[in-house]
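Peer 1: pasting the sequence and the predicted coordinates here, then a few questions.
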Amino acid sequence: MGQRTRILGIDPGSRITGYGLIDIEGPVTRYVASGCIRTDGDAMAGRLRTIFAGVRALVLEHAPQEIAVEKVFMHRNADSALKLGQARAAAICATFAGDVEVHEYAARAVKQALVGQGGAEKGQVEHMVRALLRLPGALAADEADALAVALCHAHSRPLAARLAGLAPLRVVRR
């Protein structure tokens, strides 16, 4: 086959942060683990601490070589966007224990990569995640989203590798 690469996908949230781990070896993708980190209480600092500790434990236990995180989209409510950004930052900072590169994907790009359309519904994303990873049971929405981010990254890797090997374009003006 080839070298195995483990990818940790993260769907950050201030109340529920989804995570999904997959292994890629050549053309084969395997499910490793997934779940949700649930926070309690109203104190934001405590929730951020829980997210940080949960993601850090995942990185230390599973040693992913690559991390994929969903980007924050602008909410209508600025306070919600700020909280989501803080949760995302806590999750990203927790990955530093593994000293691996973090890749970011917009929700529309993830949906496009898995379902074929950027405006796909959550149910369609979950269905494709379960189909691609051959998972028999239902997944929590945040868990499915995290696995979708990991799969999006897995599908983007070959193109990124090819593009990295290309010489920069030379602009000739006439």
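Peer 2: Structure received. Numbers count the residues shown, from 1 in each chain.

Peer 1: tell me where the chain has helices.
Peer 2: 44-62, 78-94, 107-115, 122-133, 141-164 (DSSP state H).

Peer 1: now the angle from the longest one to helix 122-133?
Peer 2: To tie it back to what came earlier, the one meant is helix 141-164. Orientation note: helix 141-164 sits at an angle of 60 degrees relative to helix 122-133 (axes from the mean of the first three to the mean of the last three Cα atoms, to 10 degrees).

Peer 1: circling back: got a markdown table for the helices of the chain, with distance to residue 32 and mean pLDDT too?
Peer 2: C-beta here means a position set from N, CA and C on the backbone, and glycine is covered the same way. Formatted as a markdown table, the helices of the chain follow (distance: least, Cβ to Cβ, whole Å; pLDDT from 0 to 100):
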| stretch | distance to residue 32 | mean pLDDT |
| --- | --- | --- |
| helix 44-62 | 7 | 96 |
| helix 78-94 | 18 | 90 |
| helix 107-115 | 18 | 90 |
| helix 122-133 | 10 | 91 |
| helix 141-164 | 9 | 82 |
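
Peer 1: residue 19 is nearest to which of the ones you listed?
Peer 2: Ranking these by proximity to residue 19 (Cβ to Cβ) places helix 141-164 first, at 4.9 Å.

Peer 1: neighbouring contacts of the closest one?
Peer 2: 5, 7-11, 13, 16-22, 24, 29, 31, 34-36, 66, 68-70, 103, 105, 109-111, 113-114, 122, 125-126, 128-130, 132-133, 139 (Cβ atoms under 8 Å, 6 or more residues apart in numbering).
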